[in-house]
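J.: structure for the following, please:
(chains A, B, C and D)
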2 protein chains.
Amino acid sequence: MTRRPGIDEVARLAGVSKSTVSRVLNGAPHVSARAREAVRRAVMQLDYSPNQAARSLAGHRAHAIALVVSEPSGRVLADPFFAGVMRGVHAELAGHRTQLVLMMSQPGDVGSYLTSGHVDGALVISLHGHDPLLSLLHDNGLPVVAGGRPLAGGPVPYVDSDNFTGAVEATQHLVSLGCERIGTIAGPADMAVGLDRLSGWRRAMSGRRTDLVVHADFTPEGGAAAMTSLLAREPELDAVFVAADIMALGALQVLHAAGRRVPDDVAVVGFDDSVPAVPPLTTVKQDVEKFGRMLTWRLLAEIEGEEGLPPSVLLPTSLVLRTSA
Amino acid sequence: MTRRPGIDEVARLAGVSKSTVSRVLNGAPHVSARAREAVRRAVMQLDYSPNQAARSLAGHRAHAIALVVSEPSGRVLADPFFAGVMRGVHAELAGHRTQLVLMMSQPGDVGSYLTSGHVDGALVISLHGHDPLLSLLHDNGLPVVAGGRPLAGGPVPYVDSDNFTGAVEATQHLVSLGCERIGTIAGPADMAVGLDRLSGWRRAMSGRRTDLVVHADFTPEGGAAAMTSLLAREPELDAVFVAADIMALGALQVLHAAGRRVPDDVAVVGFDDSVPAVPPLTTVKQDVEKFGRMLTWRLLAEIEGEEGLPPSVLLPTSLVLRTSA
DNA sequence: CGGGTTTCTGGGAGCGCTCCCAGAAGTTTC
DNA sequence: GAAACTTCTGGGAGCGCTCCCAGAAACCCG
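T.: Here you go, the predicted structure:
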């Protein structure tokens, strides 16, 4: 590896000082067009790329943000929801000269790592229960935005989908179909996304039987187990609202194996619009890429110290009718 | 944000010099047990965490590796294969005090960024065609390991699944079932993973009709389109080897919509064992998490300058029999 | 056309570590 | 008991930038 050129080499070649090169690189004002052009050419010619470590050290900015997956299992990585969010994060980051550092929260060390100036801010996703991580970061003055409403509340801004309304619409659709015994495979009871979708189902079910609830963990296996138990509890079940397409995949397998036709015997509505299934799922669509973009935009704005930012953002959902209900 | 303690504060509290603290932090030899313990306590007490930027700058090590997704669309992010790999990468990285920086290759800038000492090495995944990225990095002396055999060959070590053998087994299974008109939905023609699985199919089909090939792009939509065109070309089709479960999902939808029963009318074998489907897919299983771990282990070993490393690794696959064939 | 203002520029301190070097302390060997 | 190690320790240069400061150059107005 040939030694990389430094900023002073660029400066020498361009016939200006280090300071001027630095200004050009950082888009600072007060640089003549001539100097700017000379630097640009020198950079090109030397294929210069500034040393990130030195920039961070001198500039007190890490030029990086963390995406913290607050879940040891890494389950969320396999979730199409996460993939979409990540695409959005990347899209928003493009052009910001900011790197994305991925972390999986092993309770304990992550907090102090993050608050030590290694990143300029953090996106925390898949938050469970009353995880103290968020307040830890916030109290240390690190800009943070949560992906999904934190169950514990608190001052940390968040971006979330309108899970409640989405669930209401999904369930109302099942009701309007004339279904009588409508169950739900809910998300984890320690996540807002799980509770909000369940609340939506409850709301739309008001006046009806609301005991057909099984919580699962946003995995296909969890969905399958939940479906099995729902079927055991109510063999006459004729509809189910599944709080995530990924769980619906498992549920669909169980229904198929049990000889129940979908939608004729059991109508199914999912959430996320993230996976193709047989039969194609009627589901609540959310724009996950936008979710990721909003999250990132919000964090970058926070880092830049912008004023008058909305505390939180709720993204709309919409029901997509297909075959399963 | 209260000012973070520096290494000299730790040194003062522990009653030793900066150098000694540094040695303890980096696990260097020649430190007395007494000093080591004193430093450990001071670190604890101050909740000290070293400044990464300064470490990198002074130590000429970034303490980070990049995971480069060589695909602008970000398609691969949504692939369960990628999720598994990422879990493996993380697992292997744990305990190595090394961060994971995620990059999506926008041809051009990535190369010079990576070779500028911002990371100690790179994992390049989802390589298409004769992408010059790999040789660019390698020629600049950056440790690199490819995830999936690079089509262009070259000296870069890689980790891959035994796609050829997997495809042979999958196809042989269809043949042994007595299927007559066996098609394949192959992966992209500019990726080794696509070509190798296709070669496997061809090999197992020797002596038979091998024109029923449609390439697709590892997405459900691509799989659906390919299935449609296959069906149009050969309505009597009675089996299909789909080079990825994620594409099989789309294919299954098309078969279902066309009124073809699986496996009675058309037998389907997938690859990856990554998604639950209706009916459950007979598929070629690969251990993606191990894939990620191997990749990372290999890269870290390369960075450490270990000798006698295997040039490349081929992971075994196995056929999992379920309902679809 | 002189004083103010604004735009541009270079010099150089210092960010918080690592790592080389040289010296102190402790251990072995004949 | 002196020489020859080995183990431990502190001092301090320097990694490659950013950013503050002060001075030079250009511009503006009455």
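J.: close to chain B, is stretch A:133-143?
T.: Yes - counting by Cβ under 8 Å from any Cβ of the partner chain, chain B is contacted by stretch A:133-143 at A:140, A:141, A:142. Any C-beta I mention is one placed from the backbone N, CA and C, and that applies to glycine too.
J.: you'd agree the first one is up against residue A:115?
T.: So that's residue A:140. Yes - the pair residue A:140 / residue A:115 is scored as a contact, 4.0 Å apart, by Cβ atoms under 8 Å.
J.: which one of the two has more residues nearby?
T.: Each of residue A:140 and residue A:115 has its neighbours counted (other Cβ atoms under 10 Å in any protein chain shown); residue A:115 has more, 22 against 16.
J.: how about that one, what does it touch?
T.: By Cβ atoms under 8 Å, 6 or more residues apart in numbering or on different chains, the contact list for residue A:115 reads A:136, A:137, A:140, A:141, A:142, B:1, B:4, B:49.
J.: SS state for the second one?
T.: With DSSP: H, G, I helix; E, B strand; the rest coil as the basis, the three-state label of residue A:137 is helix.
J.: wait, it sits on residue A:124?
T.: Yes - between residue A:137 and residue A:124 there is a contact under Cβ under 8 Å: 7.5 Å.
J.: what is in contact with those two at once?
T.: residue A:144.
J.: which one of those two has more residues nearby?
T.: Using other Cβ under 10 Å, the more surrounded residue of residue A:137 and residue A:124 is residue A:124, with 27 against 23.
J.: got the contact list for residue A:234?
T.: With Cβ under 8 Å, 6+ apart, residue A:234 has these contacts: A:181, A:183, A:212.
J.: of those, which is the nearest to DNA strand C?
T.: residue A:183 (55.3 Å; Cβ to the nearest atom of the strand).
J.: quick one: the closest one is in a helix?
T.: No - going by three-state DSSP, the assignment for residue A:183 is strand, not a helix.
J.: tell me which helix or strand comes right after the helix or strand containing residue A:8.
T.: Taking DSSP states H and E as the criterion, residue A:8 maps to helix A:7-14. Downstream of helix A:7-14, the first helix or strand assigned by DSSP H and E is helix A:18-25.
J.: now do the buried residues in that following helix.
T.: Residues of helix A:18-25 classed as buried by neighbour count (16 or more other Cβ atoms under 10 Å in any protein chain shown): A:20, A:21, A:22, A:23, A:24, A:25.
J.: stretch A:243-252 - what's its average pLDDT?
T.: Mean pLDDT, stretch A:243-252: 96.
J.: quick one: the helices in chain A, in order.
T.: A:7-14, A:18-25, A:33-46, A:52-59, A:80-93, A:109-113, A:133-139, A:163-176, A:192-204, A:220-233, A:245-257, A:288-304 (DSSP state H).
J.: can you pull the contacts of residue A:70?
T.: Residue A:70 sits next to A:105, A:124, A:125, A:126, A:127, A:128, A:131, A:133 when contact means Cβ under 8 Å, 6+ apart.
J.: what about stretch A:251-263, near chain B?
T.: Yes - using Cβ under 8 Å from any Cβ, stretch A:251-263 reaches chain B at A:252, A:253, A:256.
J.: state the number of residues packed around the residue nearest to the last one when sequence neighbours are not counted.
T.: Looking back up the chat, that one is residue A:256. Of all residues not flanking residue A:256 in the chain, residue B:278 sits nearest, at 4.8 Å (Cβ to Cβ, 6 or more residues apart in numbering or on different chains). Using other Cβ under 10 Å, the number of residues around residue B:278 comes to 23.
J.: number of nearby residues for residue A:267?
T.: By other Cβ under 10 Å, 21 other residues sit near residue A:267.
J.: where does it land on pLDDT?
T.: 98.
J.: from memory it sits against residue A:239, does it?
T.: Yes - between residue A:267 and residue A:239 there is a contact at 4.2 Å, judged by Cβ under 8 Å.
J.: shared neighbours of these two, anything?
T.: Counting by Cβ under 8 Å, 6+ apart, the shared contacts of residue A:267 and residue A:239 are A:174, A:177, A:179, A:325.
J.: which of the contacts of residue A:70 fall in strands?
T.: Judged by DSSP state E, these include A:124, A:125 as members of strands.
J.: near chain B, which residues of the stretch 101-250 of chain A?
T.: A:101-104, A:106, A:112-113, A:115-118, A:140-142, A:220, A:224, A:249-250.
J.: give me that answer again for 7 Å
T.: Proximity of the stretch 101-250 of chain A to chain B, by Cβ under 7 Å from any Cβ of the partner chain, involves residues A:101-102, A:104, A:112-113, A:116-118, A:140-141, A:220, A:249-250.
J.: can I have the buried ones of those as a ChimeraX selection?
T.: Listed next is the ChimeraX selection for buried residues among those, using 16+ other Cβ under 10 Å:
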select /A:101,102,104,113,116,117,118,140,220,249,250
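J.: check the residues of the stretch 101-250 of chain A next to chain B against DNA strand C, which are close?
T.: When contact is defined as Cβ under 7 Å from any atom of the strand, those do not meet DNA strand C at all.
J.: burial count for the closest residue to DNA strand C within the stretch 201-325 of chain A?
T.: DNA strand C sits closest to residue A:303 of the stretch 201-325 of chain A, with a gap of 18.6 Å, by Cβ to the nearest atom of the strand. Neighbours of residue A:303 under the rule other Cβ under 10 Å: 18.
J.: just to revisit the earlier point, deepest of the helices of chain A, which one?
T.: Sort the helices of chain A by mean neighbour count, taking mean count of other Cβ atoms under 10 Å in any protein chain shown, and helix A:245-257 sits at the top with a mean of 25.
J.: so how far is it from its chain's centroid?
T.: The chain centre lies 24 Å from the centre of helix A:245-257; the measure is Cα atoms, centre = their mean, to the nearest Å.
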